[in-house]
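# Provided below for reference: sequence and predicted model.
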Amino acid sequence: MRIGVLAPLSGPFASGGSAFLQAVTLAAEDANAAGGVLGKRVELVVADTQGRVDIARSEALRLTSREKAFALIGAYLSEETIGVIEVAAASRSVLLVPVAATAEITDHVRREYDRYRYVFRIGYSIPQWAGMMAEFLARQGFTRYAFVGAGIRWNRELALELEKALAPRGITPVYEAFYSPRSPAFEPVAVAAMAKAPEVLVLGDPGGNSAEFMKRLREGGATFPVLSVGGTLGDARIAAALPLNAPLFVQAAAWKGASPAATRYVEKFEKRYGYAPVGYSDTLPFDAAMLLFQALRTAGRADSDAVVKALEAGAFPGIAGTYRFDASHQAVWGTSELPGYVIRWEADGARIVYPAP
Amino acid sequence: MNPVAQVILDGIFTGSTYALIAAGLALILGVVKVVNLSHGAFFSLGAYVAYVLSTKGVTHPAAAALFACVIAFAFGVFLGKSFINPLRSHPFSVAVGSLGFAILFEQAAQILWGPHPVSIGAGPPWAVVSGVVVRRWGAVSLLASVVVLLGLALLLSSRWGLPIKLVAEEEEVAGSVGMDVEKIRYLTFGFASAAAAVAGALLAPAVSIAPTMGRVPLILSLIVVVASGMENVGAIFLLAVGLGLLSNLSAYLVSPQWSYVSLLSVICLLLVLRPMGLSATPLGRDY
Amino acid sequence: MDGFQRKATGALALGAGLLLLLPLAGVDLFLLDVLTTGFLLACYVGSWDIVGGVAGQISLGHALFFGTSTYACALLTSLAGWPFAAAAASAILLSTVAAAVVGTVSARLKGPFIALLTLALGELVHEVMLGQTFFSPREGYSWGGEGGVPVTLPWKALSPWAAYYLGLLFLFLAALGMTRIARSKEGLIWTAIAGSELTARASGVDIARHKRRAFLAAGALAGAAGVGFAAYVGRATSADFSLELSFQAATFSAIGGRGTIVGPVLTALALHAVLQGAGFPPAARVLLYALALLLTLRFFPEGVAGTLRSRLRARRMVSEGADR
């Protein structure tokens, strides 16, 4: 049973991509330890998408045509995934998208179901992401927030969706800024945000720049809480180098302590790779692999259409909760079954603060 | 709090970082007469040295700077001796080859320290003067850049710097009076690389340390060196600080999204309007 | 035609012949795909060599012309609703215009200043494209930014064989055209400018005009490669403008032999095929690329074909001397 994994493993996005691969590897080892899937050993075939649409497409072709992968998990960035869904549709291979968030992916399924029905998104869509964050901000009782992101498209979409989700609750943005993705001027953004005296700052950038921005913000004396979308700031080693004189909240798909399965996953991951997972670019790929194996077992045979039917009909438990898919093959996040978590960094590690434990 | 004063001070700090990295590049361009695209990799190397020491409990910046200096000097001399010097008559191949070294370093860093960004605690600000925060890394960067650039200027005007100056300006003469021109070149390359690594080690607590972190600083400092006319130490510092100020002020007053774009636009204009560089000394040679 | 040029044309013809027959040897879809993108990349690298090698104007922002073309194809077909052929023609025109602008503003500059200006321009446009969201006709999401813009194509799915042979034909014609341009009177003037601007100016050459023409030709060819890429991949993304793509043109040309056209074209194709097609693990692929670059330049400072050319010419001079 060959499963293709597509992620950026070299270049600037290798950080997320390698955690992606590590998590899927863990899931495959778990499955093999339990006797494999449909009586066969799971074997991963790996491709480096290099952050580019043409390479992602080409590598997807390699996995489906040369390596005879039955299904694909990936890719990481939206632009890579756009290239991969065409190959999945043409070769009728099931494709599970754990991380890429652009609505273009599920929109294809909605508009041309027959062609793109093999594509499922495990991770949250941008409106769902905004919805989960809005729910958290409302429960914390904030009324004025600032949004800072990287100047890339999906961060802008997230800011827009968050504003839409918060408006009915009477929570308004007092400041919104996107720093340059390549050569950011952090300090003026931190200064301007502080001048607007928000009650909380939402940080939309999941990349390494978010840690640098946090340093400038705290160094400048900002004492309001920060809510990060996750990614780099979910990394315990990064958080350990930040001052915690004001709360740092981080959004995550799952966290240690969310459920027995989540705790087991985190402990296994730490033991195997020597660092704690960030709960996003690793956890979602792990769940994608788990879902694929369960759907295969439900379908009873390695047949793409049968697996699609199983995924459409079923509710599958992962470490983040129980996944169900809507008509556009988007996993339904933000429900009691699949809530999404927010953690808060403390001196001795992170504590789940949402949903209230 | 005075936001405009804060933004201006931070802009000066940002610019002094460009100047600090540019100093070594200028030295290489002036003496070895090649464009070195591996300079950003040496900056990253310094930052990783500081990170590795911090995980071993050594957090003093001087220790990090010293280690970075020694390691980068050794690498720089090796690179200068084995690659840069033999190919010096092919400047394009040297530039592209040095890019190859940068790629090699990035991949080695990813293998050695992982692809994930790592971080060192930044500590509290250095001082707060009437509401304006004097950031620790900023003060360090400003001081270091002034020291390095002044030192460079003094060296070049002193008796000790004479061999370097002679190699830079009259290499035939330098050779004919019995100087080991090749040695001066690779030593210069080593020193310049060490300077980049020291910059990386000193600024490591301020940044996210990642394998590809040296790419953008390299572009900006390269632009500073070439646009300022390459040899004029004062022009390098002023242009670098000017660009830092421009970046921060445009981000604050116009839009942070377009700060890099406005920076690059001004650089393009500058290059088109002052085709010989800011200090406008006509160039006697083709690089 | 001297010995090197005869050998170069021979290499080109041999390469084309091998590639014509290759699919008969039972190549799978993946390798076809790698080679098809390789053809387009090779044309792009060759176009760099026109301006960076033959004319000696080192550009570090060559992706600008490539990206202008892919984005023009995408925006004109998907947003403006133009037919693909019209969009393709406009795309080549636009990248030529972009090249004319860059050629004009850089005409007064020399050496590192041109490299810096093109580098800054390329970075500038890349950054703009990363942050720019284009109007979208669909609800729920937009086009632009890092995710790019789709290209609306007249065909549903192009057969991989058709794409392969079209790409091969395109590269063969483009490479032939490029070697012709390099050997034409204009090309000789470019070579003279690359050799010494001062000498060329002293012999009465209008340097600015000829530099601009070199940019023009290179921009049009890079634009053509961009059209091919847009048509084949079906997407324009901000990576089409990236510094990495600009540097790739310069590095492949350096390995192949700057100014020989055939060297960079064949090197780009061969290296792309090996690095992307041989299934190396990611770290090994990157290390191999860097080492190939370093070792080639260390022992062939003028690149493979460049060093070969120098040796052949030196040998001819020696033999001509002996004849006398």
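Done, it's in. Numbers count the residues shown, from 1 in each chain, chains lettered A, B, ... in the order given.
# distance of residue B:212 from residue A:174?
34 Å (CB to CB, to the nearest Å). Any C-beta I mention is one placed from the backbone N, CA and C, and that applies to glycine too.
# hang on, residue A:325 packs against residue A:120?
Yes. Using CB atoms under 8 Å, residue A:325 makes contact with residue A:120 at a distance of 6.0 Å.
# hey, what's in contact with both of the two?
Common contact partners of residue A:325 and residue A:120 (CB atoms under 8 Å, 6 or more residues apart in numbering or on different chains): A:311, A:331.
# looking at chain A, which helix is longest?
Ordering each helix of chain A by length in residues (DSSP state H) puts helix A:14-33 first.
# and the angle for the helix or strand that that helix is followed by with helix A:14-33?
Next in sequence after helix A:14-33, counting helices and strands by DSSP states H and E, comes strand A:43-48. With axes from the mean of the first three to the mean of the last three CA atoms, to 10 degrees as the basis, strand A:43-48 and helix A:14-33 are set at 170 degrees to each other.
# now for strand A:43-48, which elements pack on it?
strand A:2-7, helix A:14-33, helix A:53-61 (3 or more CB pairs under 8 Å, 6 or more residues apart in numbering or on different chains; DSSP states H and E).
# returning to what we had before: the longest helix of chain A near chain B at all?
Yes. Using CB under 8 Å from any CB of the partner chain, helix A:14-33 comes into contact with chain B via A:14-15, A:17-19.
# same deal with stretch C:175-191?
No. Stretch C:175-191 is not in contact with chain B by CB under 8 Å from any CB; minimum separation 15.2 Å.
# likewise for stretch C:57-64?
Yes. Stretch C:57-64 lies within reach of chain B by CB under 8 Å from any CB, at residue C:58.
# do that stretch and chain A meet at all?
No. Figure legend: stretch C:57-64 not in contact with chain A (CB under 8 Å from any CB); closest approach 12.3 Å.
# could you count how many residues lie near residue 176?
The chain I'm using is chain A. Burial of residue A:176 is recorded as 19 neighbouring residues (other CB atoms under 10 Å in any protein chain shown).
# hm, I was asking about chain C
When neighbours are defined as other CB under 10 Å, residue C:176 has 15 of them.
# residues contacting stretch C:303-321, please?
The contact list for stretch C:303-321, computed with CB under 8 Å, 6+ apart, reads B:93, C:2-4, C:7-8, C:253-260, C:262-264, C:266-267, C:296-297, C:300-302.
# which residues in the chain form strands?
Just going to use chain A. In chain A, the strands defined using DSSP state E lie at A:2-7, A:43-48, A:71-73, A:94-97, A:119-121, A:144-150, A:172-179, A:200-203, A:226-228, A:248-252, A:316-318, A:321-323, A:341-346, A:349-354.
# wait, chain C was what I had in mind.
Taking DSSP E, the strands of chain C run over residues C:133-134, C:143-144, C:149-150, C:235-236.
# right, is the first one up against chain B?
Spelled out, that is strand C:133-134. No. Strand C:133-134 stays out of contact with chain B when judged by CB under 8 Å from any CB, the minimum separation being 11.1 Å.
# who does that strand pair with, and is each partner parallel or antiparallel?
Strand pairing for strand C:133-134, determined by DSSP bridges: strand C:143-144 (antiparallel).
# so residue A:325 and residue A:120 - more neighbours on which side?
Under the criterion of other CB under 10 Å, the comparison of residue A:325 against residue A:120 puts residue A:120 first, with 27 against 22.
# what about the nearest residue to that one once chain neighbours are set aside, how many neighbours?
The spatial neighbour of residue A:120 that comes closest, neighbours along the chain excluded (CB to CB, 6 or more residues apart in numbering or on different chains), is residue A:329 at 4.5 Å. The burial count assigned to residue A:329 is 25, neighbours taken as other CB under 10 Å.
# next, format the strands of chain A as JSON lines and append mean pLDDT and distance to residue A:107.
Compiled in JSON lines, these are given as follows (pLDDT from 0 to 100; distance: least, CB to CB, whole Å):
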{"stretch": "strand A:2-7", "mean pLDDT": "96", "distance to residue A:107": "20"}
{"stretch": "strand A:43-48", "mean pLDDT": "96", "distance to residue A:107": "25"}
{"stretch": "strand A:71-73", "mean pLDDT": "96", "distance to residue A:107": "19"}
{"stretch": "strand A:94-97", "mean pLDDT": "96", "distance to residue A:107": "13"}
{"stretch": "strand A:119-121", "mean pLDDT": "96", "distance to residue A:107": "11"}
{"stretch": "strand A:144-150", "mean pLDDT": "96", "distance to residue A:107": "22"}
{"stretch": "strand A:172-179", "mean pLDDT": "95", "distance to residue A:107": "24"}
{"stretch": "strand A:200-203", "mean pLDDT": "97", "distance to residue A:107": "26"}
{"stretch": "strand A:226-228", "mean pLDDT": "97", "distance to residue A:107": "27"}
{"stretch": "strand A:248-252", "mean pLDDT": "96", "distance to residue A:107": "24"}
{"stretch": "strand A:316-318", "mean pLDDT": "94", "distance to residue A:107": "23"}
{"stretch": "strand A:321-323", "mean pLDDT": "95", "distance to residue A:107": "20"}
{"stretch": "strand A:341-346", "mean pLDDT": "94", "distance to residue A:107": "27"}
{"stretch": "strand A:349-354", "mean pLDDT": "91", "distance to residue A:107": "29"}
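# tell me which of the ones you listed lies nearest to residue B:207.
Of all the strands of chain A, strand A:172-179 sits nearest to residue B:207, with 14.2 Å by CB to CB.
# show me what counts as buried in that closest one.
Buried residues in strand A:172-179, counted by 16 or more other CB atoms under 10 Å in any protein chain shown: A:173-179.
# quick one, phi psi at residue C:26?
phi 80, psi 50 (degrees, to the nearest 10).
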